[in-house]
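[1] I would like to see how this sequence folds:
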Amino acid sequence: MENAKIEQKKIYDDFETLANNKKRNSLTIIFKSILLSFFAISSILLLFFSSRTLLANKLFINKDLQYFLVFSNLTTERLNYIVLFRLFFLASIFIYSISKNYSNVIDNKVYTKKYIPWFITYLLFSCLAFILLFTFFKLDTLDYYYLSLICLPLLFLDIAYSIYSYKIKKKTNPIVYSNNKLTIISIISRSSFVLAFFITLTIWIFSIKGDKFDFLNNNIIHNWFVDMFSKNDIKNLFFVILFFAFILLCFFGTNIEKIADISSKKYNFKSIKEKLVLWSIFGFSTIVWFIRVLFYKNSSNVIGKLYSSNNFLYLLGLIPIIGIFVFYMLFSFVKKMKMKSTLSKNIILGFCLSIVWITIAIITLISKSTLVNNILLLIAALNSITMILLYRLQNNSENVYATIFIQIITLFITITLILNGLNALLISHNNEAFYNIDSPLSLNLIFIITTLALSIGFNTISLMQLGITLFRLTKNKKELSEAK
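    From the prediction side, this is the model:
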């Protein structure tokens, strides 16, 4: 009887589909591993050779970084414009192509094989930017104009991928993605931004009158930008508002598909959460380089400078920083203390980050020792990024504000480390450019306070969410008791 029942039943299996899914997942893991490894190794190399790669010391007289960010005369001013343009342009291409590639790999898990050509092409752009940061050192402004042409094929690649991505989405979900208006807006916004940049640069370069190397004097675009940000009148205020409005419109237009998906709760937040791993790897790479930063000082008594009663007093700030880290580890791994709810994890992480960066902000305000501040910053950054990465690995729920806040905090921690590291490098060349900012706060302190503000903001929103949840529970209990 039982055998007859079994024979009558239809058993469905699809080993081919399971095998294909396994292959796709394996390929996705390989792609992510390649990108993470490349990003980590290339970031470490770029930072360890930052005097050459980022600050382009080969362009300065005698390769001396003493002239970096020095605008006191026309020669150094012109060199610094070139160095800054080279840095921001190539670094943007390098980071953008890796970030875009990583997101695309996550979004194309189902069609991983079809994504291979796109993966290779984006990776080639990353490699090209990396190589150029080591090798491209020109003084002629026309060379930088030709360099900027890289953004055009990258734009065409982005447009082609947007069209490809839309067709894939329409094929898999024709009802939701039947309208292509958002894709068109995204392409137009992206194209407008790149073309505006390229047209501005073209006019800037080819409107030079007289000496072709002198792009600061008698130049229409340069004079227009200087007037817009220096002269206080209604016309320039209007241009400033228009300038930033254009950038914001291009930004929102480029990301309009993501914004629409988030608002309609269709967006795959796994992409943002996976991105956190990418930025954490970047943060750890920066930490590895920052250890070297502690010894940038030329004087032989660097460590000897620690032997001061005041410095030892400031180093006591390590106690709350390490204590908070131990506290978070206990809540992460001890079963009796381990939190299960996402909201509890958010509150604990926000509390820990706030305490760490309050400590760093206070000590940086009162301490005059760059070495002490850098030691504390190194430990604080290491602890913070480790806590964030553990949070990401132990938390699988999708929470919009938490994911975005944590990602921004990670980026600001990394930027703070890079700025402090470059500052230490410049100081070793008797250059105090970072201290010459017209502000009551130093540049590194501005970023430290911003990181602190973001941590407190994240914690505040988590506590507000807790309050709303408790209010709803109380209200529901009251309604149930009244119903009885």
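[2] where in the stretch 51-200 of the chain is pLDDT low?
    174-177 (pLDDT under 70).
[3] Looking at the longest helix seen in the chain now, give me its mean pLDDT.
    Selection of the longest helix in the chain by residue count, based on DSSP state H, yields helix 443-483. Mean pLDDT, helix 443-483: 83.
[4] for that helix, packing partners?
    Judged by 3 or more C-beta pairs under 8 Å, 6 or more residues apart in numbering; DSSP states H and E, the packing partners of helix 443-483 are helix 342-366, helix 400-427. C-betas here are computed from N, CA, C, even on glycine.
[5] now the angle from it to helix 342-366?
    Going by axes from the mean of the first three to the mean of the last three C-alpha atoms, to 10 degrees, helix 443-483 is angled at 150 degrees with respect to helix 342-366.
[6] Check the offset of helix 443-483 from the chain's centre.
    Going by C-alpha atoms, centre = their mean, to the nearest Å, the spacing between the C-alpha centre of helix 443-483 and its chain's C-alpha centre is 25 Å.
[7] and what of stretch 80-90?
    19 Å.
[8] got the contact list for it?
    Applying C-beta atoms under 8 Å, 6 or more residues apart in numbering, the external contacts of stretch 80-90 come out as 54-56, 59-60, 67-71, 129, 132-133, 136, 139, 141, 144, 147-148, 215-216.
[9] how does it look with 6 Å?
    54, 56, 59, 129, 132-133 (C-beta atoms under 6 Å, 6 or more residues apart in numbering).
[10] Now secondary structure too, for these, in a markdown table please.
    Below are these laid out as a markdown table (DSSP: H, G, I helix; E, B strand; the rest coil):
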| residue | secondary structure |
| --- | --- |
| 54 | coil |
| 56 | coil |
| 59 | helix |
| 129 | helix |
| 132 | helix |
| 133 | helix |
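[11] Determine which two of these are furthest apart.
    Maximum pairwise distance among the contacts of stretch 80-90 (C-beta to C-beta): 17.8 Å, between 59 and 129.
[12] Those two: which is more packed in?
    residue 129 (24 against 17; other C-beta atoms under 10 Å).
[13] Surely the more buried one touches residue 93?
    Yes: judged on C-beta atoms under 6 Å, residue 129 makes contact with residue 93 at a distance of 4.2 Å.
[14] And residue 68, its phi and psi?
    phi -70, psi 130 (degrees, to the nearest 10).
[15] Near it, how many other residues are there?
    So residue 68, with other C-beta under 10 Å, has 23 neighbours.
[16] Distance check, it against residue 84.
    9 Å (C-beta to C-beta, to the nearest Å).
[17] What of residue 388?
    30 Å.
[18] picking up where we left off before, kindly present the helices and strands packed on helix 443-483 as a markdown table, with separate columns for mean neighbour count.
    Below are the helices and strands packed on helix 443-483 laid out as a markdown table (neighbours: other C-beta atoms under 10 Å):
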| stretch | mean neighbour count |
| --- | --- |
| helix 342-366 | 20 |
| helix 400-427 | 21 |
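[19] can you tell me which of those comes nearest to residue 159?
    With C-beta to C-beta, the closest approach to residue 159 among these belongs to helix 400-427: 26.0 Å.
[20] relative to helix 342-366, how tilted is the closest one?
    Using the same axes, to 10 degrees: helix 400-427 against helix 342-366 is 20 degrees.
[21] how far out from the middle of the chain is helix 400-427?
    Put simply, helix 400-427 sits 8 Å off its chain's centre (C-alpha atoms, centre = their mean).
[22] How about stretch 226-241?
    Centroid separation between stretch 226-241 and its chain, computed with C-alpha atoms, centre = their mean, is 30 Å.
[23] Now that stretch: average pLDDT?
    78.
[24] ditto for stretch 247-255
    87.
[25] Surely residue 363 and residue 318 touch.
    No: Residue 363 lies out of contact with residue 318 (C-beta under 6 Å); the separation is 9.7 Å.
[26] For residue 402, give me its contacts.
    residue 346.
[27] Revised request: answer the last question for residue 134.
    Contacts for residue 134 (C-beta under 6 Å, 6+ apart) come out as residue 53.
[28] host element of it?
    Assessed by DSSP states H and E, residue 134 sits inside helix 112-135.
[29] Would you mark the buried spots in that helix?
    Residues 112, 115, 118-119, 121-123, 125-126, 128-130, 132-133 are the ones in helix 112-135 that count as buried (16 or more other C-beta atoms under 10 Å).
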